[in-house]
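Asker: whatever this is, show me its structure:
(chains A, B and C)
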Amino acid sequence: MERVSLTGNDAVGTAMAQINPDVVAAFPITPQTELMHKFAEFYADGKVNTELILVESEHSAMSAVVGSAAAGARSMTATSANGFALMWEIVYIAASLRLPIVMPVVNRALSGPINIHCDHSDTMGGRDSGWVQLFSENTQEVYDNVIMAVKIAEHKDILLPVMATFDGFIISHTQEVVELLSDEEVQKFIGKKEMYYPLLDVKNPVTYGPLDLQDYYFEHKRQQVEAMLKVPAVVDEVAKDYAKLTGRKYDFIEIYGPEDAEISLVALGSTAGTAKDVVDKLNDEGKKVNLVKIRMFRPWPHETIVNALKGKKAIGIMDRSDSFGALGGPVFMEIRSSLMGEIKEDITANYIYGLGGRDISAPEIESVYNDLFEIAETGKVKNRKTYLGVRE
Amino acid sequence: MSDPTGWKNIPIGGLIVESGNSHDYKTGSWRTYRPVLDEEKCINCHQCWIYCPDSSIMIVDEKMTGFDYDHCKGCGICAEVCPPKVAAIKMVLENE
Amino acid sequence: MANLTEIRWHARGGQGAKTAATMLAEIVLNEGKYGQGFPDYGPERMGAPMRGFTRISDKPIRTHSAIYKPDIVIVLDPTLLDVVDVLEGTTDDAVVLINTHLSRDEMKKKLNTGGRKLGVLDATKISLDAIGRPIPNTPMLGALVKATNVIKLDTLRDDVRKKFAKKFPERVIQGNLDAIEKAYEEVDVS
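Answerer: Residues are numbered from 1 along each chain as shown, chains lettered A, B, ... in the order given. Just a heads-up that it's a prediction; the model follows:
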């Protein structure tokens, strides 16, 4: 294994080149652009056999990979924020047609006012689209997630598109140490793509995307639900195989710090990394706290979450996007829904933070833990939803 | 709900995996008027075959032999395009 | 040196602070260390004040936030001293390196650096002489090597040669190496 220093975008561009997809559709959008630049470098150097399609919009990018994936090609594209939004209708169609597309999404605020920096409002908006969603803490994790995503998406029980997300600029443009597999190892790991009724099999013609009305649509949606239910087992199986290869084992969630801590903070993305340092500091001070990092947001790992959080005295939930007018952010609502009946009192507090790339520092995360100490002590939540770091 | 098949027993993603299965769907019952052929008058110009939107003109050895009443919806286009001097196709009420 | 070293770069867009911040993060890998380098992405305008950040550690770096309490501050453009509080968040243990034509004493007085270790260097002149362009980032890396022990001079030289070989002609590579060498010799630090 080669240890190198790369930006998140360069690492994912490299992963894509090592995957060597049959088709890649590319359209630039900050902060994803450099990812495709990197992949295009491999393409220009003749290091991939990919058909690289330069499309005229993200709507076309997703349409192109829907077409190519239906044809039987291993297909990828990548995007951010507004680009993701422009793909919207085809994002749903990709999942509905059960096409195993893999898409890295570089998380960025979905405007407006216009902003190019990180928050999770883009992919959180797509949480009901039927895609598997893997969030990544750092460059290493997104590199690994993208490679594993191919195997998850193409698994015969799944056949669903997978997005591997990572934080715009904070990861995408930060130089970090990452261990790369060799091209051969990646190829051997992902294997040959198994075909499911490819359109290009002209001897066995099939129809993709016919009108699907009151008589069958509901059944097809029910099938999507079933596929999602099977995802965790496959994600776990793929992660175990990957761990054999790399020594890096990824679970649906990661509990950092003592498992029996009475105080937990839930976070995802790059913030989880900063929070780990805070957990170390507090543990060193004799304060028993932990972090629950969520890696797989869709499908929602309900039982794993319950096991990690039941019996806690205070739970803080960090959301890097808000659901305007709702009780809390997307992660908060999932957690509370999971904990229904599992906790006696309402000891959950939501922290909306980092919108539009607002920096989140270790002391701020520590301040959240300080809040949680108070909740644990008094059993009362003063503010259900706190906007962390916003000016009054 | 013409088909009681549940979600476990249909292809995923709404795929239609048997090509040409529209043949299994009989649309003949939709007719109000039925085309009738006068073989004596027919000159086998095949205009009806060209225009029929439901591929319901049956031709054997280049000879017009009649209609596929399982699928013909009775639109009357065949009678309309049959050359007036020939007038080999007439539309009659289904119950006649 | 503590396990984690945090460096903040102050420059104007176009002076190579992003390159220096990320390059340093990359170079430390050659000494088996972990590096994290990133700029403070703003509107990215040539000439606008900007910051770069480098973290160096013996262990994988998990924190992903800006640097508020740097151990080392490097200022690529002396005109920033009137605009930006480059000492913000630093203590008397910090090392401050400034590209300036002023002497160390003059700078100490101007900036009021107190007990901080201060190094001055006319990196713009060095880069103009050696490379022919006012890009002070590589000479400031040379000064950093002298003032601290974050990396060794040989590691820096080897890496600059290796990295620049892909992009630049020999003249530019040698110019940069000369600039690093000269900066290492000339920086007045204590």
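Asker: ok, and the closest non-adjacent residue to the closest residue to chain B within chain C?
Answerer: Going by CB to the nearest CB, chain B is nearest to residue C:64 of chain C, at 38.4 Å. Where C-beta positions appear, they are placed from N, C-alpha and C, glycine not excepted. Using CB to CB, 6 or more residues apart in numbering or on different chains and skipping residues adjacent in sequence, the residue nearest residue C:64 is residue A:270, 4.0 Å away.
Asker: what about the one you found, neighbour count?
Answerer: Residues lying near residue A:270 (other CB atoms under 10 Å in any protein chain shown) number 33.
Asker: kindly report the same for residue A:283.
Answerer: Residues near residue A:283, counting by other CB under 10 Å: 16.
Asker: for residue A:55, same thing?
Answerer: By other CB under 10 Å, neighbour count at residue A:55 equals 16.
Asker: distance of it from chain B?
Answerer: 23 Å (CB to the nearest CB, to the nearest Å).
Asker: residues touching residue 10, list them.
Answerer: Reading this off chain A. A:34, A:35, A:38 (CB atoms under 8 Å, 6 or more residues apart in numbering or on different chains).
Asker: other chain: chain B
Answerer: Contacts of residue B:10 (CB under 8 Å, 6+ apart): A:216, A:219, A:220, A:223.
Asker: what separation do you get for the first one and chain B?
Answerer: This points to residue A:216. From residue A:216 over to chain B (counting by CB to the nearest CB), the distance is 7 Å.
Asker: do the same with the last one
Answerer: Distance, residue A:223 to chain B, using CB to the nearest CB: 5 Å.
Asker: I'd say that residue and residue B:7 touch.
Answerer: Yes: with contact defined as CB atoms under 8 Å, residue A:223 reaches residue B:7; the gap is 5.2 Å.
Asker: between the two, who's got more neighbours?
Answerer: residue A:223 (20 against 16).
Asker: got the buried residues for the helix or strand hosting that one?
Answerer: Taking DSSP states H and E as the definition, residue A:223 sits inside helix A:217-246. Going by neighbour count (16 or more other CB atoms under 10 Å in any protein chain shown), the buried part of helix A:217-246 is A:219-220, A:223-224, A:227-228, A:231-232, A:234-235, A:238-239, A:242, A:246.
Asker: repeat that for stretch C:161-177.
Answerer: Using 16+ other CB under 10 Å as the test for burial, stretch C:161-177 gives C:163, C:164, C:173, C:175, C:176, C:177.
Asker: give me the sheet partners of the lowest-mean-pLDDT helix or strand in chain C and which way each runs.
Answerer: Within chain C, no helix or strand scores below strand C:188-189, which has a mean of 90 by mean pLDDT, DSSP states H and E. Paired neighbours of strand C:188-189 in the sheet (DSSP bridges): strand C:117-121 (antiparallel).
Asker: and the next helix or strand past the strand it pairs with?
Answerer: According to DSSP H and E, the helix or strand after strand C:117-121 is helix C:123-130.
Asker: after that following helix, next one along is what?
Answerer: Heading C-terminal from helix C:123-130, the first helix or strand you meet, by DSSP H and E, is helix C:137-147.
Asker: show me what contacts residue 31?
Answerer: The chain I'm using is chain A. So residue A:31 contacts A:9, A:80, A:106, A:108, A:116, A:117, A:118, A:168, A:169, A:172, A:173 (CB under 8 Å, 6+ apart).
Asker: if you could check chain C rather than the one you did, that'd help
Answerer: C:151, C:152, C:155.
Asker: highest neighbour count among the residues you listed?
Answerer: Counting neighbours by other CB under 10 Å, the top entry in the contacts of residue C:31 is residue C:151, with 20 neighbours.
Asker: for that residue, list the residues it contacts.
Answerer: Counting by CB under 8 Å, 6+ apart, residue C:151 has contacts C:24, C:27, C:28, C:31, C:144, C:145.
Asker: name only those of these that count as buried.
Answerer: Judged by 16+ other CB under 10 Å, buried ones among the contacts of residue C:151: C:24, C:27, C:28, C:144, C:145.
Asker: go ahead and confirm the second one touches residue C:156.
Answerer: Yes: under the criterion of CB under 8 Å, residue C:27 makes contact with residue C:156 at 6.2 Å.
Asker: what about chain B, any weak spots by pLDDT?
Answerer: By pLDDT under 70, the weakly predicted segments of chain B are B:1-3.
Asker: helices of that one, residue ranges please.
Answerer: Counting by DSSP state H, the segments of chain B that form helices are B:47-51, B:77-81.
Asker: quick check: the residue in chain B that chain C sits nearest to vs chain A, distance?
Answerer: Taking CB to the nearest CB, chain C has its nearest neighbour within chain B at residue B:13, 38.4 Å off. Taking CB to the nearest CB as the measure, residue B:13 falls 4 Å from chain A.
Asker: helices along chain C, start to end?
Answerer: According to DSSP H, the helices that chain C contains are C:17-27, C:104-111, C:123-130, C:137-147, C:153-165, C:170-186.
Asker: out of those helices, which gets nearest to chain A?
Answerer: Comparing the helices of chain C under CB to the nearest CB, the one sitting nearest is helix C:17-27, at 3.9 Å.
Asker: send me the closest one as CSV with only the CA atoms.
Answerer: Taking C-alpha atoms only, helix C:17-27 is exported to CSV below (Å, rounded to 0.1, in the frame of the first residue of the first chain):
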residue,chain,number,x,y,z
ALA,C,17,0.7,30.6,0.4
LYS,C,18,-1.6,27.9,-0.7
THR,C,19,1.2,26.1,-2.5
ALA,C,20,3.5,26.5,0.4
ALA,C,21,0.9,25.4,3.0
THR,C,22,0.0,22.3,1.1
MET,C,23,3.5,21.5,-0.2
LEU,C,24,4.8,21.5,3.4
ALA,C,25,2.0,19.1,4.4
GLU,C,26,3.2,16.9,1.6
ILE,C,27,6.9,17.2,2.3
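Asker: for that helix, buried residues please.
Answerer: Buried residues in helix C:17-27, defined by neighbour count with 16+ other CB under 10 Å: C:17, C:18, C:19, C:20, C:21, C:22, C:23, C:24, C:25, C:26, C:27.
Asker: is it possible to get JSON lines of the residues you listed that adds pLDDT and distance to chain B?
Answerer: Converted to JSON lines, those look like this (pLDDT from 0 to 100; distance: CB to the nearest CB, whole Å):
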{"residue": "C:17", "pLDDT": "90", "distance to chain B": "51"}
{"residue": "C:18", "pLDDT": "92", "distance to chain B": "45"}
{"residue": "C:19", "pLDDT": "91", "distance to chain B": "48"}
{"residue": "C:20", "pLDDT": "93", "distance to chain B": "51"}
{"residue": "C:21", "pLDDT": "96", "distance to chain B": "47"}
{"residue": "C:22", "pLDDT": "95", "distance to chain B": "44"}
{"residue": "C:23", "pLDDT": "94", "distance to chain B": "48"}
{"residue": "C:24", "pLDDT": "96", "distance to chain B": "50"}
{"residue": "C:25", "pLDDT": "97", "distance to chain B": "45"}
{"residue": "C:26", "pLDDT": "95", "distance to chain B": "45"}
{"residue": "C:27", "pLDDT": "95", "distance to chain B": "50"}
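Asker: which parts of the stretch 1-150 of chain A sit against chain C?
Answerer: By CB under 8 Å from any CB of the partner chain, the residues of the stretch 1-150 of chain A that approach chain C are A:3, A:4, A:5, A:7, A:116, A:117, A:137, A:138.
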